[in-house]
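Colleague: what's the 3D shape of this:
(chains A, B, C and D)
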There are 2 protein chains.
Amino acid sequence: MPDSLRHFKADIFQALAHPTRIAILELLGGGELSSSALIDKLGIEQSNLSQHLAVLRAKQLVTNRKVGNQVFYSVRDPLINEVLRLMRVYFQDRVKDAMG
Amino acid sequence: MPDSLRHFKADIFQALAHPTRIAILELLGGGELSSSALIDKLGIEQSNLSQHLAVLRAKQLVTNRKVGNQVFYSVRDPLINEVLRLMRVYFQDRVKDAMG
DNA sequence: ACAATACTTTCGTATTTGCTAATATACGAA
DNA sequence: TTCGTATATTAGCAAATACGAAAGTATTGT
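Modeller: Numbers count the residues shown, from 1 in each chain, chains lettered A, B, ... in the order given. Now for the predicted structure:
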């Protein structure tokens, strides 16, 4: 396994390593949404959302499409949602373990 | 999806978000290894490895077992290796895309 | 042209992370 | 108990991240 690939993976995980960005990707899992729709659902500052979207864009996890003066975001590769789904299963495993 | 769950996921992703820690988990995917074996394979400073292992321990991604004065590490839940495998597929998808 | 709306980027700052070097702890051998 | 090996922790510092506030860029409506 080349180091460059590990760097690539680490960068993706880094992009996923924030509750707000996870929330964004999960919301987009249901279909594309505009920035303003995301703001409404997440209840965070607009510039904050925009910064998180910039991180996701930089790592190519989302694509965006401009319509009028709105920007619609969507998840680029559904595999990312699969990763999030696996993580949910992982969480359930942990909870079960913790309960004995 | 409660915010606490997203925090939990984000913490796990944060732990995965480093090339060295990914390398550790991949190596441990083949079975348990001692710290010194990991140092040999990774070629990094001892204290550096120990710090990365501390991160993985803190997030419960690995378990350790002491034998004499050596410590053997292993991956706690194989689901983590599944996540890494998915990420490899994701990488292949990206490469294909980039090549058109 | 001007104002309003929808975003994005930049700035200042506080917090977190990662590394090396140094120190500490645990264990086995002599 | 003293020595050497294996591992963990701490300290100090540079770099990265995250947030709100402020400034910037498009685009639509009047």
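Colleague: Show the contacting residues for the residue nearest to residue A:58 when sequence neighbours are not counted.
Modeller: Distances taken as CB to CB, 6 or more residues apart in numbering or on different chains place residue A:15 nearest to residue A:58, at 7.7 Å, with adjacent residues excluded. To be clear about C-beta, it is placed using only N, CA and C from the backbone, and glycine gets the same treatment. With CB atoms under 8 Å, 6 or more residues apart in numbering or on different chains as the criterion, the residues that contact residue A:15 are A:21, A:55, A:56, A:58, A:59, A:61.
Colleague: Tell me which other helices or strands the helix ranked longest in chain A touches.
Modeller: For chain A, the helix with the greatest residue count under DSSP state H is helix A:79-99. Secondary-structure packing of helix A:79-99 (3 or more CB pairs under 8 Å, 6 or more residues apart in numbering or on different chains; DSSP states H and E): helix A:3-16, helix A:19-28, helix B:3-16, helix B:79-99.
Colleague: Spit out the contact partners of the residue nearest the centre of chain A.
Modeller: Here the mean C-alpha position of chain A is nearest to the C-alpha of residue A:25 (CA atoms, centre = their mean), at a distance of 3.2 Å. Residues counted as contacts of residue A:25 (CB under 8 Å, 6+ apart) are A:16, A:56, A:61, A:62, A:75, A:80, A:81, A:84.
Colleague: my guess is the second one meets residue A:24, correct?
Modeller: Yes. Under the contact definition of CB atoms under 8 Å, residue A:56 touches residue A:24, with a separation of 6.7 Å.
Colleague: what sits in contact with each of those two?
Modeller: Contact with both residue A:56 and residue A:24 is made by residues A:62, A:73, according to CB under 8 Å, 6+ apart.
Colleague: Any stretches of chain A with poor pLDDT?
Modeller: Per-residue confidence of chain A (counting by pLDDT under 70) places the weak regions at A:1.
Colleague: So which bits of it are right by DNA strand D?
Modeller: Where chain A comes near DNA strand D, counting by CB under 7 Å from any atom of the strand, the residues are A:14, A:17-18, A:20, A:44-45, A:47-48, A:51-52, A:55, A:66, A:68-69.
Colleague: near chain B, which residues of chain A?
Modeller: Among all residues of chain A, those adjacent to chain B (criterion: CB under 8 Å from any CB of the partner chain) are A:1, A:3, A:5-14, A:16-19, A:21-23, A:26, A:60, A:77, A:79-80, A:82-84, A:86-91, A:93-94.
Colleague: Using neighbour counts, give me the buried entries of these.
Modeller: A:6, A:8-10, A:12-14, A:16-19, A:21-23, A:26, A:77, A:79-80, A:83-84, A:86-87, A:90, A:94 (16 or more other CB atoms under 10 Å in any protein chain shown).
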